[in-house]
Structures are given as structure tokens and as C-alpha cells.
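Trainee: got a sequence here, can you build the structure:
(3 chains)
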Amino acid sequence: MTPDYAGLFFALRPESLLVLGALAALGLDLSVLRGRAAGQRLGCALAIGSLAVLLAGLLTWTGPRGPVFGGVLVLDTLALGTRLGVLGLTLLTLGIARGGKVPSQPAEYVAMMLFAAVGLLLMAAVQQLLLGFLALELASLSLYVLAGFDRTRPEAAEAALKYFLFGTMAAAFLLFGFSLVYGLTGSIELPQIAARLSGPVPSPMLLVAIAMILVAFGFKSAAAPFHLWAPDVYQGAPAPSAALIASASKLAGFALFSRLLWPGFGAAAGQARSFAGGPGWLPAVAAVAAASLLLGNLAALAQSNLRRLLAYSAIAHAGALLLGVMAAGQAGFAPLFYYAATYGLATVGAFGVIAALEREGRCEDIADLAGLHRRSPLLAGCLGVFILSLAGIPPLAGFFGKLAVFAAAFRMGGPAAWLAVLAIALSAVALYYYLIVLKEAWVAAPTAGARPVAVSRVTAFTLVVAAGLIVGFGLEPALLLGRF
Amino acid sequence: MSAVPVLSLLIFAPWLGAALLAGCPQLGPRSSRALAFAFSLTTLAVALWLLGSFDRASTGYQFVERHDWIAALHAHYHLGLDGFSLLLVLLVGILAPLSLLASWRQIPDPRFFSLLFLLLQGATLGVFLALDFFHWFIFWELSLVPAYFLIRLWGGAGSAGAAYQFVIYTVGGSAFLLLGFVAIFAATGTFDFVELARLGADGTLAARLAGLGGFWPQAVFLGVLLGFAVKVPLFPFHTWLPPAYAEAPTGVSMFLTGAMSKMGVYGFLRLLWPLFPGPLHAAAGPLLALALGGVVLGAFSAMRQTDLKRMIAYSSINHLSYCLLALFAVSAASGRSPPAGEAAAAAFSGTLLQVFNHGISAAALFYGVGLLEARAGGRRGLGDFGGVRAAAPVFAGLFGIAMFSSLGLPGLNGFVGEFLIFRGVWGLQAWAVPVACLGLFATAYFLLTFWQRVFHGPRAGAAAGDFPDVSGVDFAVLVPLVALMFLLGVLPQLLTGLFNPLITQWAGHLSLP
Amino acid sequence: MSLLPWTIFVSLAGALLAWAAGRRSARAARWTALVVTAGAWALTLLAATRFVPGPRLQTLVDLPWIPAMGIRCHLAVDGISLTLLVLTGLAATAAVLFSWNIRERAGEFFALLLTLVAGVYGVFLSADALLFFVFYEIAIVPKYFLIATWGSTNREYGAMKLALYSFAGSAMVLAGLLWVYAGGDGHGFGFAELAQTAAGLPRHQQIFVFALVFFGFATLAGIFPLHTWAPTGHVAAPTGASMLLAGVVMKLGAYGCLRVALPLSAVGFAFWQPTIAWLAVIGIVYAGLVALMQDDLKFVIGYSSVSHMGFVLLGLAAANAQGFSGAVLQMFSHGVIAGLLFAVVGRMIYDRTHTRRLSDLRALPLRRLLPFAAAVFVIAGIASMGLPGFSGFPAELTILIGAWKAAPVWAAIAALGVLVAAAFTLRAIQLAFFGSAPAPAGGTGAGAPAIHLEPITLAEKAGALLLIGATVLIGLKPDLLLDWINPALQSPLLQSVMKGGRP
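Mentor: Here you go, the predicted structure:
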């Protein structure tokens, strides 16, 4: 079979465009903009980056569908949706970066973001183990750098280091798992792996392999007990970096791993209705989901730092997303995708608000939000939309994401249904801490000496767009759910 | 169906007066009093007209008005008048204006007072005229609201507790009454008193209620009983009465004892007895004992009082218990052969006469005590007066007549009723008579003590100083009452003529279904 | 008839307009809010004049919404919903009138109030269980912020408790609904469909699912012992909010019980019926007794709301025609009366005297200082006691008839509750307004401190007269509502509940 390089290149035009955009930004910064103010350099870099992302999005939308390069990549609905989602979230992240603290090397910052986006785009479409690993690593390395970008704060360095150490360990596990799978099945293409794995009882070696892959998955999605990096990274990283990590990276990660698990290792899934029959990876994922839900929600109750609260809530959401992964075998990828995408929107928005506030002063603790309704009604309103979407209040998109996932879980029956019940119960706990955040923003009076917050127009526009999308996807969920 | 809704007019005329008083805040005291008095008199005017047009030979309801009202509850707007109701309407018509008159001197802000009083008057009339539970209960309960405020706002020092107790007791009883009627409706599907009386008489009601099983049929009976027992009051549900009557201002006490207490007796005769002949007969023994308890203990407690107003209040319990005594005696005898019919007729006649006559005499007594209290600057103890006869002979004369009427002296109106009751009870449950006589003796004792201590002897206490005799308003109140006492004492057939056919019918239907 | 969905949109649009108007002035905000609420109410009344009562839900809007999950945007109305829609309009208008004096962040206040109203309208119009749930949850967030920002006693705690209890209740409902939905292969959330699917579940699952859905809704209705959020939350809330919360939002729970929970599973209902009835009657009496002990006047009213809702739940538990019609009538009646009571206590008394403690109020000669408030409170009080002539009486009478037919002992205990209600209401009236010694002959007492309280405003008078008029009208002519409600009870779903319940 002759490799169809033309087709591959054609399919990967978005990625190429992003790389070109990154290089262009870097080039421009090194030459023309040398010596200008950091803010101006940031603006230019962001403009180029945004343009690149927009064009990439256009190309993705109008691009080819179906398998590429002999099935190494596949541009099916999940891939397409994830790619567009990643690009959208990246665009929003670039938008909020405009309003946040200006990094010391703006062009490099933007370039890293674009490189991370490249990796994430690839992750969305891979059907081959090795390419998947490569894409994952590309994205992860970029994200490690992004996490540690703020050299003025020691927390950033700590965050980046933790992220890097955990990440590489997870990557090692992943690679080892992949190699075991190759050893067992003789192939690195997912369809062939799936075909060769059909058999009633998976071999112990396969289970080990899957376990290792799950470790990596758990790390990537910040699920308990692999979550230890998350609070520190969310707290230490600059706000736009944290936004990207929390949103696009999660979306692409879930897409990659669910593609691995379901079509790939689907045969080894095990019994859905009760975990007593046959071993498989479903029970393990269920356990991780339960742990994440419990740990994330309960730990978030105790937080007084806003970013750590968002981190723990991310862990809780990861638990619910894992539920979506479990149900994807029966219900397809629609619920999972919808949830992950809208969760990403809300998270980007929340970090955008934090970024805007950090520009004016402190935004570490929840108490720093006090009086936001007076300091900036726009930020307060947008924050409200984002937080309520995270809490799962209709008619915002977060609610419908949860609804779709829970409905799918109930239809699976058995332990998945009980997990859904647990998740529903814990959402009441979650409402408590989300309301505490909103209480500070909407109810509490501003502290003495708090000044009104000036939000840059770009960031304001970005936040409004994000809020609007959340409301829109909430009022008309069929826009996304109907695609699958 | 009559062409002109006379009975509605009767009920709503006082309410119209109340609305006018409410809507015109600029009315001065004189015009308020005049307006209120005029509207209060409408009752008497219409009652006298009714007296003229009333067909005394018929036993059914006359001047009936019946309209559909609430389909879902089968409730109708149903008013009707028979001899018994007419008697009560006349009583209200006489007492209400006199009570208003009695309050004039005491109350400085008559507009609000009269407004409430007219509301009370209308509601009381509604109770006596309504023949469907839905609006009957509206009137029954609504009468409490003005009564509460009348006691609370213009009453004595203990009026807060007295009024509260009064309302709570009555509402408590009404809650059980309501429950009873809920059960009756669930069993029969109707709230209409005429219809229910028919069902009670032919045993359908009892049969349907028996379908509930367990103790529920008796519970329904007890619920309805309780509602009325609290209102009369029947011993031992009487503890609200002395404080309420004692703390209320004079005019209100007159009306309460004269008219409102009759609502309870009306309930017994109109509702409890026709609907539950069987259970009444079964419970007649204990109920007789309770009635006797009321008779005896009411009188003996009156004996022990030093507060004159409380004395009269306890005496009211005594007098009203006679009515219940008669009724329970009739119930005890139900099912026996017709020879008991004559005694039953006597008992019923006596009850109805007592209802009217007690209203007259008790109102006069309360007025007299009120006058004493006003003269004495708020004191009304037994020992606060002496020799009032010498200071105010006319007053002593009028008051004395009222006392003797209450005592049951032959020649005055109180005698006929009590005599007939005793005669009836003797024929039905003879053993009760000696016990009831104790009450008579005690009444005589305390009334004579009252007479002797307050009116005779040297002038002492408040009477020692300036003690003017009766004046204009006092005459206006006392003379009509005293006149009636004489008139009805000599010519009781003026009243009995109204209800004799009804009594005969009641006494003729003593056999249980 | 297709006027009714506009109430939702008008209210939401009004919320935005009120917020925008609030940036100009508080006056603009409140007038906008008044126009919007009165307009929406007028829409309901207009629709009511054209309404033809019938057994079926009359569909107003039926569009597919999320086809992937079988969720439809299905709005429909029948006599029961119409009664409650009219109540919502009335209560909302009155609430705005009694919030006339809000100055601080008025635009946001009215925006939140109108959003809450929109959610409530949506619930009463929904004929798809999930749409119902969505509107139900939409109402939760405004509640929290209304109480936390503009409330009084212990407001942050009260707001959080109220929001969390409501959310927990709705979480239970969601779990139950999804359970049933999943059993039916995800065809849809229509009430009849869900009932059909649920009938196919095994018995113990039906019992479990019914419990989840019913008690989830009943939490918002204030069923004992899940009622503790109600007094705390309502006391903490500002007047306009507590009028709506106690008056209308608690009815969302009861309506959910009637519309969604009861028809869901006959087996489940048969199992839980005695429990529900006993909890209801215990709630009636217990809440009444607690109200008798309170020193804070608003707590008395708060507990009285729980007691009155107990009547509604008893009517639902009785599962017969009188029980249901009485329950809906009581929902309307209590909505009006509770609004009136909170209005007097919150707006007329507290905003002027700055105290709600009965021990403080009894020292003030309030009946002379605030005669209009005294009169209104007395009327509201006697209406609340269930005195005939006001709307509470036909409602409680009908419920008692229905309860008696189901099991006499429930009716007997409920009748006791009537007595307790009289006691605590009278105590409150007495201490609050008539606490000081009666006027001695000769006018105001000499030496009474010269307390000056600002007079009752026109807005308050208008609101009070509106509510009093409603309760008297329905008290004397309950047929106006019963003519809508009773045909609606003939619907197949409700008929099956009545037959499947205890005979």
C-alpha cells in the first residue's frame, strides 16, 4: 500500500497552519518588534496566533473526512468535533491572554500555545498507538512549559516541575502499556488491535497493559488517585496556561483515551451490568470515577483559594466525564463530547475572569472576588454564567452535559447507574462551594480600597462569546448532541 | 320561595350599617350612634313584620330562599324561618338595640364599636336563619371575630386572656364540629339541614355513618356535640364563659348572654337532635349528668362569687343548663311510647321559653350590674355597695323585678319556662328533678343575698356618696325589658303561639329509627 | 390560549429590562417590574376567560428540543395549571408592590425576582417532565441571591440552606426520572410515557423510584421532617421574595408531586400513601405547635406556611377527587394568604419598627400607629385560621372531606391542626397589634411615647387590597376555581391515581 503523503498533508493542513503561525509570531517578534513594549508584542503575537487558529478551524471544517494515511488518523465525527473544540478553546484562551498579566516573552508564550494545540489536534484524530503517544507528548511538553512560564512566581516553577514529573511518569506507563499491547496483538493500529482482542477472557498481560494505560489516562484527566498535580498546577500556572490545560487538553485527552478504550479495547471492557462477571477495564474506570467524584467534591468544600477550588472541581468533573467514557460503549461519544466541550468553555471563561482580575491586583483567594458586581459587572455576570454552568444549573450547557452523561449511565444500568446517583447527590455538595464563590462575587460588598476592574476589550469580547456559547448550547443542546 | 328576600334583608341590613360606618371615617360620635341604632332596629322592625305574616299553624320553614351556590360542594344559599327561629330573631331584635344603647355612655369612640357590634348582630342572625352548613358555618365562625375585638378592645383588665380563651375554646369546638360535618358530607353528599334532618329521622344517616366502622360513628357524633357544648356552654366546657362575660363591656355582655349563648342551644335543637337521635339517646345518661352539673355547679359557683358580674355569668350557665337538661331528658325518653309525648312537649316548650326569657332577664341583670359598676367607678364587688334601695329606689325596683324574673317568681316571665322544664323532666327522667332543684335553691340564695347586701341595709360603699337614680338611657334599656318580663309572665301564649305546632311535631317524633 | 407561553418570555425579557432600568434609577426598575408582572398576570387572566375546562392537557407548544434524548419543549395547560398560573401572576404583582421601597441594587433585585417568576410560570406550563425539571432548577439560583443579598436575619445561612435543600430535592427527582427514562429505552419524558415505563419496572424499583421523585418534590413543598429550610429561609428573605417563596415556590413542589410523582407508579404510591399522609398530618400539627412558641413574628408565619402546606400534602395523599381539588384550591388560597401575612410582617411592620420580636412589639401600640396594617393583619390572620368567608375554608373543608374518605383518623388529626392554627394566629395578632393595655376611656393613653411611624404607602395598600380581594372572592365563590380544577381531575393519569390508591 503506497503511503498517501499528499492526503496526509492535506488532512493535516490545520496543524501545519498552526505551526506556521507559531513560527511567524516568533519571527516577527525577533525582528520587527524587537525593543517594543511587552504589551504590544503580546498583542501582535496574539493577533497572528488567533488568525492562524481561525484559519485552521476553517480548514478543519471544510477539510476531508474519513480515514487518512491508511487509517493512522481518522477524521470521524468525534475527531472533527474535538479538533474544532480544541481550536475554539485555544482561540478563547488567546483572547483571555490578552487581558491577563503580560508574560515576559509574549511571542514564545503564544507559540507554545499553538504547539500545544497542534499536539492536541493530532491527539483527537489518531488511531495508531505510536502516533497517539507522539501527539500526547507534543502537547504535554508544550503544556509543561506553559505551566512554568511565569518566572516571577515560585509557585509557577513548582507547578511546572510537578506537572513535568508526574507527566513523564505517566508517559512512561503509557509507553510501556502500548508496548505490551503491541506484543500481545502484533499491531499498533487500533482497528486491528480491536479485531485481535476478541475473546471471552482477556489475558492477564492485557489487563496489565490496560491498567498502565489507565494510569496515564487518569493522570491526563486529573482523576483521583492520579490527581496530585492538579491543585498545584492550577494554582501556580499563569491563568491562560491553566485555562488551556483545564479545557482543551482535557477535551483532547478524553477523545484520545476513549477512542483507545472503546473501539480499541472494547472487547476487554468487561461486563457492564454487573462487575461480577468477567474481568475488564470497566470496573477499574468505575472505581477511579467514584474516587474522583468523592475526592474532588469533598476536598473542594475546604478550599479558600479560588484556583485550587477550580482544580478540585475539575477532579470531580473528571469523575463525571469518566462516567461518560464508561457509557460511551452503549451511548456513543455524544454525551461525553458535549460535556467535555462545554466544561472546557466554562473553565476557560472562569480562568479568563481570574486573568482579568490578576491584572489589577490579587486574585488568589475566593475572598478576593468580593464585590465583583460593583467592580466589574461584566466580569461578575460572566463569572456567574461560567460557575453556574460548572454547577450544572439549567438552562446552561453544563446541565445538559451532565444530563446526557447521567442518562447514558442510567441506561447502562448496574453500577454505572449507581455511580450516576452518587454523582447527582454530590452535585448538591458542589452547588454549595460554587454558590460560595458567587456569593463573594455577587453579594459581598467590595473590600476597602478595591478599585473597579478595567477589562481589555478583547478579553471582554472573549468572555462574552464564551458565556454566549454556554447559554446557546444550553438552550439548544441538539446543536452538538445531534451531530453524533 | 318568597318574592322579597326578607331573611337576607334581615341578616345583611346590620352589615350594611357596618359597611357604612367603616366607609365613613368622618362620622362623629353622635351620628355614628344614631346610624348604628337605626340599623340595629331594622332587625326588630322586620321581625315584627314577620310576626305579622307568620303562619302559626304551619310547622315547615317559611320565607324560604334557596339558590345554588357552590356546585362542587353541593352547597346552597338556603335561608328559612320557623317558629323557633322567629323566636330567636325577635330576641336578637329586642336585645341588640338595647345593648347598643347600654354601651353609649361607656364607649367614647362609638363608630368602631358599633361597626363591630353590627357585624356581630348580622352574624348571629345568620346562624339562626341559615339552613345549609356552608354559610351557616360562615356565620357561626365569623361571629367570633367581632366578639373577640369587642371584648378585647373595650373590656376590663383581664380582657386579653378572657377574649383569647373565648375564641380558642369556641374555635376548638368548631374544629370538631367541622370534622363532624365533613364526615356527614362524606357519608351523605349534602350540607342541607332540611335534607339532613330527613336523613337523620329515617335512619339513613346513621346507617351510612355506621359504615365507617370502629368508633368513628360515635366520634362524629361527639365532634358535633362538642362544637355546640362549648358554645352553650355545657359543663365542663364552660370555663371560658365567666371571664369573657365578666371582662366584656356591659352592652357586649348583654348581647353575649342574651343572644350568642342561644346559638349553642339552637345548634342542639336544630342540628344535633334531628341528626343524631340514636346516639343522643345512648349518651343521654351521661349528658343529663353534665347538664345537672351545670345547673348545680353554676348556681353554687355563683353563690361563692363576690364579683357581681361573675355572679350573673355563672347564673347564666345555670339557666342555660336547664335548657339542655330538658333536651337530654327528652332524648333519654326517646323510643318510649307516646305517653312521654306530653312531657316531651312540656320540656320543649319550657326550653324555648327559657331561651327567650333568660335572654331578657340576664340582659337586664347585666345592665343593672353595669350601672352599679359605673356609679362605683369600676368596682363591682358584693361588698362595695349597700342600701342602694334608699339611694336609687326606681333602679332598685326595676332591678328587683329582673332578679325575681331570673329567680323564677310566678307572675314574671322566668317562671313559665322553668316550670314547664321541670314538669317535662319530671315526666321523662324524674330523678333529675330533685337534683335540679338544688340549683333552684342556690339561685334563690345568691340572688336574694345580692338583693339584700347591695340594695338593703344602710347606705354604704359607693351608695354612700352621690348615687344618682336611673336616667334617660337607663330607662330606655330597662323599662322595655321589665315590661316584657311582666307581659310574658302573664301572657306566655304570646310566645308559645309561635311554636306550639312545631313542638307538637317534635314531641310526636320521639321514636328512634 | 397560546397567550400563556408568553408569560415566560415576558417575565424573562422583563428581567433584563428591569436590570437595565435599574442602572438608571431604582424608580425605573420598579415600574418596569410592575408593568411586567401585571402584564403577565393580565395574560393569564385573559387566557382564563377563553379557557374551556376539560380533562386533557391542552397543548400550547410542542416542539422537539433534544431529539437525541427524546426531550420535547412541550407546554400545555389544564384547569389545575391555570389556577396556579393566575396565582403566580397575582403573587408576583403583589410582591413587586410590596418591594416598592427597595433602593439598594434595585435593578438586580427585580431582575432576579422576575427570573424566579419566569421559572415558576415555566414549571406550571410544562408538560414534559424534563422541561418541568429545567424550569424548576432555574428558579433555585435567583432564590439564593435574593435572600443572600437583600435578606435580614441570618441571611447567608438561610439562603444556602434553602438553596441546598431545594437542589437536593431536585437531585432526587432527577435521579428518579432518569431511572425511569432509562428503563424505557429513552423514548421521552412525557408524563404518560414515564408512567407507562415505570409500570414495567420490578416492584421494589417502582417503590424506590416513586420515593425518590415524590420526596424530592415534597422537600420543596415542606413535608415534615424535610421542612426545616422553610422557616429559616423565608424569615431570612426580603418581603417580596418571601411572599413569592412561601406563596408560590412551595407550590412548585406540591404541583410536582401531583403532576409528575403521583401518576408515575401506582405500586409506589400505594406503598407510600400511608407514610405521606401521616407525615402530612404530623407536619400540620407539629409546625403549628412550633409556631405557637415563636417570639419572632416572621417565624410564626414561616411555620404556619409549613402547616398549611401539610394540608396540601394531605389532600394529595388522600388520592380522591375532593383531596386533589382541595389541595389545588389550598395551594391558591395559601399562596394569597401567605403573601398577605409576609407583606404585613415584613413590609408594614418590620421596615418601620425594625423589630419582629413579639416581646418588643407588644410594648408598641401598633393598632393605633398602624391601623391599616392592623386591619390587614387581622383579616390575613383569620383567613389563615381557615375561617369561613375566606379562601382557606372551602379549601380545608374539601381536603378534610377527601382525607376523611381516605381514612378518618387523618382528617381528625388535621382538624386538630385547625385548632392549633387558630391558637398561634390569635396569639400573634394579639401580641403584635393589641399587646398594650386596652385604651382607657378618653382616647390615647396619656404619657404614651410619641412614636412616629411612616404611613402606609399607596403601593402597600394596593397590594393588600388585591390579595384580600382574591381571598374573599374565592372564599365566597370557590366555584370560580373549582370549575377549572374539577374537570382536570378527569384526566386519565389522575383518574388512574385515584383508582389505584387506597379504595
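Trainee: from here on, contacts and neighbour counts on C-alpha atoms
Mentor: OK.
Trainee: for the spatially closest residue to C:E104 that is not a sequence neighbour, grab phi and psi.
Mentor: Spatially, and ignoring its direct neighbours in sequence, C:E104 is nearest to C:A26 (7.9 Å; CA to CA, 6 or more residues apart in numbering or on different chains). Dihedral angles of C:A26 (phi, psi; degrees, to the nearest 10) stand at phi -60, psi -30.
Trainee: and what of B:V64?
Mentor: Dihedral angles of B:V64 (phi, psi; degrees, to the nearest 10) stand at phi -70, psi 140.
Trainee: likewise the one 5 residues further on?
Mentor: B:W69 adopts backbone torsions of phi -130, psi -70, taken as degrees, to the nearest 10.
Trainee: tell me who's in contact with the closest residue to it other than its chain neighbours.
Mentor: Once flanking residues are discounted, B:W69 sits nearest to B:H76: 4.8 Å by CA to CA, 6+ apart. Neighbour list for B:H76: B:66-70, B:132, B:134, B:192 [criterion: CA atoms under 8 Å, 6 or more residues apart in numbering or on different chains].
Trainee: pretty sure B:E373 sits in a strand.
Mentor: No. Counting by DSSP: H, G, I helix; E, B strand; the rest coil, one finds B:E373 to be helix, located in no strand.
Trainee: I figured it hits B:D384, correct?
Mentor: No. Counting by CA atoms under 8 Å, B:E373 stays clear of B:D384, with 9.5 Å between them.
Trainee: show residues contacting stretch B:293-303.
Mentor: Stretch B:293-303 is contacted by residues B:234-236, B:310-322, B:435-436, B:438-440, B:442-443, B:445-446 when judged by CA under 8 Å, 6+ apart.
Trainee: report the contact partners of the residue in the stretch 201-350 of chain B positioned nearest to chain C.
Mentor: Nearest to chain C, among the residues of the stretch 201-350 of chain B, is B:W216, at 7.4 Å (CA to the nearest CA). Going by CA under 8 Å, 6+ apart, B:W216 touches B:209-210, C:408.
Trainee: so of those, which ones are in helices?
Mentor: Judged by DSSP state H, these include B:209-210, C:408 as members of helices.
Trainee: got a winner among those residues for most neighbours?
Mentor: C:P408 (21 neighbours; other CA atoms under 10 Å in any protein chain shown).
Trainee: in space, what's closest to it - neighbours in sequence excluded?
Mentor: Closest residue to C:P408 apart from its sequence neighbours, by CA to CA, 6+ apart: B:W216 at 7.4 Å.
Trainee: next: C:Q495.
Mentor: C:Q495 sits nearest to C:L489 (CA to CA, 6+ apart), 6.8 Å away.
Trainee: and for C:A415?
Mentor: Nearest non-adjacent residue to C:A415, counting by CA to CA, 6+ apart: B:A175, 5.7 Å away.
Trainee: is it correct that that neighbour falls within a helix?
Mentor: Yes. Checked against three-state DSSP, B:A175 lies within a helix.
Trainee: what are the buried residues along stretch A:449-458?
Mentor: Neighbour-count burial for stretch A:449-458, with 16 or more other CA atoms under 10 Å in any protein chain shown as criterion, is recorded at A:450, A:452-453, A:455, A:458.
Trainee: list the contacts for residue 420?
Mentor: If you meant another chain, say so; for now it's chain A. Applying CA under 8 Å, 6+ apart, we find A:A420 in contact with A:323, A:406, A:409-410.
Trainee: other chain: chain C
Mentor: Counting by CA under 8 Å, 6+ apart, C:V420 makes contact with C:285, C:288-289, C:292.
Trainee: next one: A:G88
Mentor: A:53, A:57.
Trainee: coming back round to it: for the buried residues of stretch A:449-458, give me CSV that also has secondary structure and pLDDT.
Mentor: Formatted as CSV, those follow (DSSP: H, G, I helix; E, B strand; the rest coil; pLDDT from 0 to 100):
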residue, secondary structure, pLDDT
A:A450, coil, 78
A:P452, coil, 85
A:V453, coil, 85
A:V455, coil, 86
A:V458, helix, 90
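Trainee: circling back to that earlier point, and the residue nearest to B:W69, which of the three is it?
Mentor: Of the three states, B:H76 takes strand according to three-state DSSP.
Trainee: residue of chain B nearest chain C, please.
Mentor: Taking CA to the nearest CA, chain B has B:I138 as its residue nearest chain C, at 4.5 Å.
Trainee: what stretches of the stretch 351-500 of chain B score poorly on pLDDT?
Mentor: Counting by pLDDT under 70, the stretch 351-500 of chain B shows no low-confidence range.
Trainee: hmm, 80 instead?
Mentor: For the stretch 351-500 of chain B, the stretches with pLDDT under 80 are B:378, B:384, B:460-470.
Trainee: next, count neighbours for the residue in it positioned nearest to chain A.
Mentor: Residue of the stretch 351-500 of chain B nearest chain A, by CA to the nearest CA: B:G378 (59.6 Å). Using other CA under 10 Å, B:G378 has 12 neighbouring residues.
Trainee: helix or strand for it, which one?
Mentor: Counting by DSSP states H and E, no helix or strand carries B:G378.
Trainee: now the residue in chain C positioned nearest to chain B. Nearest residue, chain neighbours left out?
Mentor: Residue of chain C nearest chain B, by CA to the nearest CA: C:P388 (4.5 Å). Leaving aside its sequence neighbours, C:P388 sits nearest to B:I138 (CA to CA, 6+ apart; 4.5 Å).
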